[in-house]
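[1] Next come a sequence and a model predicted from it.
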Amino acid sequence: MTTEQIFTIDTSVIDHARAVQLFRWVGVSAISFLVWDTIINIGDEVRKSSFPLRKKKSYLLTVLPIGKVELIWSQPKTWICWVYAYVRYFGVAGIASLLILNSNEHNRLGFSHGICLGWIIWEAFLTHSLLIFVEVVLLLRIYVLYDKNNVLLWILLALLTIETLILLGIAAYSIPRSIFSLELGCVVISAPPLNLVAWLAPMSFQTILFMLTTYRLFNVMKESRTLGMQSALFAFLRDGLWAYTVILVVTILNVLMFRFQDTPLAPLLFKWALCIVAFTGAHVMLNMRRIYARIPDTSIPTGLLTTAGDIEFCMSDLSGSSAYRSADES
């Protein structure tokens, strides 16, 4: 064995050990952030509102809680309730389960190829389901911003369905053709180029939603000069902006890692991408609930009816509406 060969072997061993350690640190840091965020927001979930509940039945009240936690589950169960529970709590549990892979370096758990493939399928399911559920919430925000326009709703639902079918098709094609490392803990180190579309498709749909939100804001600002920085509508747009931006940035970074990184470190940011999706989805819903809780009925005329229930955010007769004043002024 030549000196060159010995040096090459030593270098590869060091690189492998470094990759294993990085995967562990990044995975633990991502789930730690998500658990920390969940814990510090429990107070908001159990906090009682300063204003009485509206009499109108509401879907979102069961998902963005008011009063005691038990009130969430004592209310009639609606699908939006389970969406929040899935994004917030099942998201934490699901992503935490992936830490098992981080502890499986050198395949110490004895995973076979079939078991590892099962973990990859579970990872893909968790990723796509979190994305779809978060997009459903963002879609509903657009629906109410446009006066519950049913035509727009059906168009967006059709686009979401197309995106879902694309994700399923890409997963069915890419997973069997992906190369994963048992030594790094069932980590995908190489995937077909088509796999990048699995991230680009959701971002295209979210870009459409963001453009619709921005367009609606500009129209409202033309009609009313009373839109303040603390208004409910401004907060509504703000949440859409930061949610879109954060998911966009982490998605681009993740795609670039897979596209240009030819080492086992390509999926390094994947768990952070998952955590950011769960984080933004939960906070968008929580912030809608906070807006609703801060604004009493008297400050929400028919022009801006924020019933955080069936997520009504009707906006007829916007011009000069007092609904655009600060929620804190109420």
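    Happy to help now that I have it.

[2] was I right about residue 275 contacting residue 35?
    No - the pair residue 275 / residue 35 is not scored as a contact, 9.5 Å apart, by C-beta atoms under 8 Å. For every residue, glycine as well, the C-beta is placed using N, CA and C.

[3] Please say which of those two ends up with more neighbours.
    Neighbours were tallied for residue 275 and for residue 35 using other C-beta atoms under 10 Å; the higher tally belongs to residue 275 (24 against 14).

[4] element containing the more buried one, please.
    helix 270-294 (DSSP states H and E).

[5] avg pLDDT for that helix?
    The predicted model gives helix 270-294 an average pLDDT of 80.

[6] tell me what that helix is packed against?
    Under the contact definition 3 or more C-beta pairs under 8 Å, 6 or more residues apart in numbering; DSSP states H and E, helix 270-294 sits against helix 3-40, helix 42-46, helix 79-85, helix 91-97, helix 113-145, helix 232-260, strand 305-307.

[7] Okay, angle between that helix and helix 232-260 too, please.
    In this structure, helix 270-294 runs at an angle of 180 degrees to helix 232-260, with axes from the mean of the first three to the mean of the last three C-alpha atoms, to 10 degrees as the basis.

[8] can you state the direction angle for helix 270-294 and helix 113-145?
    Angle of helix 270-294 versus helix 113-145, following the same axes, to 10 degrees, is 30 degrees.

[9] low-confidence ranges in the stretch 101-250 of the chain?
    When the per-residue scores of the stretch 101-250 of the chain are filtered using pLDDT under 70, the ranges that remain are 102-108, 184-185, 223-232.

[10] Hmm, residue 181 is touching residue 189, no?
    Yes - contact criterion C-beta under 8 Å: residue 181 and residue 189 qualify, at 5.1 Å.

[11] ok, how many other residues are close to residue 125?
    Neighbours of residue 125 using other C-beta under 10 Å come to 13.

[12] before we move on, what about residue 214?
    Count around residue 214 with other C-beta under 10 Å applied: 14.

[13] what packs against the helix or strand containing it?
    Element membership for residue 214 (DSSP H and E) is helix 197-223. Contacts defined by 3+ C-beta pairs under 8 Å, 6+ apart place helix 197-223 against helix 113-145, helix 150-174, helix 232-260.

[14] And these: which comes nearest residue 209?
    Across the helices and strands packed on helix 197-223, residue 209 has its closest neighbour in helix 113-145 (5.1 Å, C-beta to C-beta).

[15] tilt between the closest one and helix 150-174?
    Going by the same axes, to 10 degrees, helix 113-145 is angled at 170 degrees with respect to helix 150-174.

[16] tell me which residues of helix 113-145 are tucked away?
    Within helix 113-145, the residues scored as buried using 16 or more other C-beta atoms under 10 Å are 116-117, 119-120, 123-124, 126-145.
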